[in-house]
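> sequence and predicted model, in that order:
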Amino acid sequence: MKLLLVLLFATVYAKHEEYSGWKSFYIKPSSHDQLKDLGNLISKLELDFYIHPSLDREGVVLVKPQYQDDFVKFVNEENMKYWIHADDVKIQLDNDDLMMESFQQEARSSKSSSFNYDKYHTLDVIYEYLDSVAQKHSDTVKLVTPATSYEGRTLKYLKISKDNFQSGKPVIFIDGATHAREWITIPTVTYAIHKLVENVTEPDLLDKFDWILYPVVNPDGYEHTHVKERMWRKTRSTDQHVAGKICRGVDINRNFDFEWNTVGTESHPCSDIFPGRKPFSEVETRVVHSIFNEHHQNMILYLSVHSFGSMFLYPWSNNGSLSDRGLQLHMVGIRMADVIHELSLKHFPRYRVGNTALVIDYFSSGSSSDYAHSIGVPLSYTVELPGRGSKGFVLHPRYIKPVVTETWAGFAAGARMAGQLFGSR
Ligand SMILES: *[C@@H]1O[C@H](CO)[C@@H](O)[C@H](O)[C@H]1NC(C)=O
Ligand SMILES: *[C@@H]1O[C@H](CO)[C@@H](O)[C@H](O)[C@H]1NC(C)=O
Ligand SMILES: [Zn+2]
C-alpha cells in the first residue's frame, strides 16, 4: 500500500502548479458592517469565495500569494475571525488527488460497474453514459444535442418523458456543473436519471412529470478542471473581452438576462464573477435559456445544482426581496431540506433554506435561478450541496453515494410537493 501511494504521488505531484503558494481561509465576519467591508475587498484582492460567509456560518475564501499580506492585514484590522483552511492550496489539491486515487483503487478491486458512484468521472465517461441511457431506454429518454460549446464539445442533455412531452405534464428541470469545479453536482444529476429510468422505485415521478436533466452545463470548464486548473469555475471563451486571451471565460451564473451586471459582478475578465460582455454571451448560457424558453409554461420546478454549503436558495438574489411566490418557495425548500436531513450523514451540516441574498448576505445578478423565476417558473432554486465533510476542497468520493441518494430523496419530495402546488397551472 505504501509503495502504491508513493507511485501515485509521483504521478500526481507535478499537477496543480498554478496554485503553488495560494492559501484558503475560513472567515467569519461578526457583523453586517464586516460582511460589507469584506464584500468591498473582493475586487481589490481578487478574492474567490468557495462559500460566502454569513453571520451564523463561516465562509471559505481563496487568496492568491500577492494579496495574502493585504488580506491578513485587513482581517486583523477589522478584528474578524479567520483561520487557515489550506496552508498551500497546491499541496492540498495534490493530497486530494492522492486520496481519491487510492480510494478508487480500492473501489475498482471491490466491484466493476460501468457507471458507478465511487469516483468522479471524466466528461467522456459521463457522455457515454448519457448516450447509452438514451439508447437503452429510447421509449422514455431522448438525448438532445442543441449546440456545441465554445471549444467545440457537444452540449448534451436528456429529456425524460412517457409521451415525449406531448400531454403537457408539469416539467422539472435539474442542471449541474454550471461552475466547472463543482464536481459533485454531476453525479447528483446523473443519479436522478438513474432513478427515473434504470432503477425505478417511484414510478409516480415519471407518471406525473416530464423531466429535463442536464448534468454538465459547462463541459469546457469541467474538462479544464481535470487536465489543468482544478479550481476553474467559468466557461473557456476568449471572445468575451479584449483581454480575453489573457483571462478566459465567463461566469455562466452571472450571464443570464436578469438584472444583468448590476450587482455581485466584476467587469474585469480575470474575475471569477465576470458576467460577460452582454447577457447570454455564452453559448452554454444560451442553451439553458433555450430550455427555459421552450418549457417555461409547464416548468414548475428548476433546481440549479452547485456546491458547496448545504443550502436551498431562492429569489431574488439581486436585492433580497421576496417574490410573490415567497411562501411556496420557502415551504418546498423546507420540505426538501427536511427529507435530506432525515437521511443525511450526521457530520454534514443541516441545510439552510432562504432567500439567496439574505442567507449569504451577498447580492448577485444574472443567475439562472433568478432568471427562470422572472419568466414564470414558480419554484426555482440554487442548491448548494454539502461539502464540509472533508478538509480539502474536493468532496471525498466516499461521499458521492450518500450525497446523491439523500439529494435525490429531497428532489423527489420537492417534485411531488411542486406537483401539488402548481401541477394544474
Ligand atoms: C434500486 O433502488 C433501491 C432503493 O433506492 C435500492 O434499495 C436497490 O438496491 C436498487 N437496486 C439496484 C439494482 O441498484
Ligand atoms: C428586487 O428585485 C426584483 C427583481 O428585479 C424586483 O421585482 C423587486 O421590485 C425589487 N425589490 C425592491 C425592494 O427593489
Ligand atoms: Zn456554483
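That came in fine, so what should we check first? Ligands and ions are numbered 1, 2, ... in the order given.

> enumerate the residues of the chain near ligand 2.
By CB under 6 Å from any ligand atom, the residues of the chain that approach ligand 2 are 259, 316, 318, 319, 321. The way it works is simple: take the backbone N, C-alpha and C, and place the C-beta from them, glycine included.

> make it 8 Å
Contacts of the chain with ligand 2, taken as CB under 8 Å from any ligand atom, map to 258, 259, 315, 316, 318, 319, 320, 321, 323, 370, 374.

> let me see the ranges of the helices in the stretch 251-400 of the chain.
Counting by DSSP state H, counting those that start in this stretch, one finds helices in the stretch 251-400 of the chain at the ranges 283-295, 326-343, 356-360, 368-374, 400-422.

> the third one near ligand 3 at all?
No - legend: contact between helix 356-360 and ligand 3 by CB under 5 Å from the ion is lacking; minimum distance shown is 11.8 Å.

> can you give me the strands for the stretch 51-200 of the chain?
Here the stretch 51-200 of the chain has its strands, by DSSP state E, counting those that start in this stretch, at 59-63, 81-86, 141-144, 157-160, 171-175.

> I'd say residue 120 and residue 400 touch.
Yes - using CB atoms under 8 Å, residue 120 makes contact with residue 400 at a distance of 7.4 Å.

> what is in contact with these two at once?
Among the neighbours of residue 120, those also in contact with residue 400 (CB atoms under 8 Å, 6 or more residues apart in numbering) are 184, 187.

> quick one: contacts for residue 177?
Counting by CB under 8 Å, 6+ apart, residue 177 has contacts 183, 185, 186, 215, 216, 217, 218, 219, 221, 222.

> show me the contacts for the second one.
Residues near residue 185 by CB under 8 Å, 6+ apart: 176, 177, 178, 179, 215, 305, 306, 307, 385.

> just give the nearest non-adjacent residue to the fourth one, would you?
The spatial neighbour of residue 179 that comes closest, neighbours along the chain excluded (CB to CB, 6 or more residues apart in numbering), is residue 233 at 4.7 Å.

> helix, strand or coil for that neighbour?
coil (DSSP: H, G, I helix; E, B strand; the rest coil).

> tell me how many other residues surround it.
23 (other CB atoms under 10 Å).

> tell me if I'm right that residue 154 and residue 144 touch.
No - Residue 154 is beyond contact range of residue 144, at 10.3 Å (criterion: CB under 8 Å).

> which one's more surrounded, those two?
Per other CB under 10 Å, whichever of residue 154 and residue 144 has more neighbours is residue 144, with 17 against 12.

> any idea of the pLDDT on the more buried one?
Note for residue 144: predicted pLDDT of 98.

> what residues does this protein put near ligand 3?
Taking CB under 5 Å from the ion as the contact definition, the chain meets ligand 3 at 179, 306.

> pick out the residue closest to the middle of the chain.
Residue closest to the average C-alpha location in the chain (CA atoms, centre = their mean): residue 306, at 1.9 Å.

> which residues does the residue of the stretch 301-425 of the chain found nearest ligand 3 contact?
Going by CB to the ion, ligand 3 is nearest to residue 306 of the stretch 301-425 of the chain, at 3.3 Å. By CB under 8 Å, 6+ apart, the contact set of residue 306 is 178, 179, 182, 185, 253, 382, 383, 384, 385.

> and it, how close does it get to residue 189?
Distance of residue 306 to residue 189, given as CB to CB, to the nearest Å: 12 Å.

> since that was my last question, I'll sign off now.
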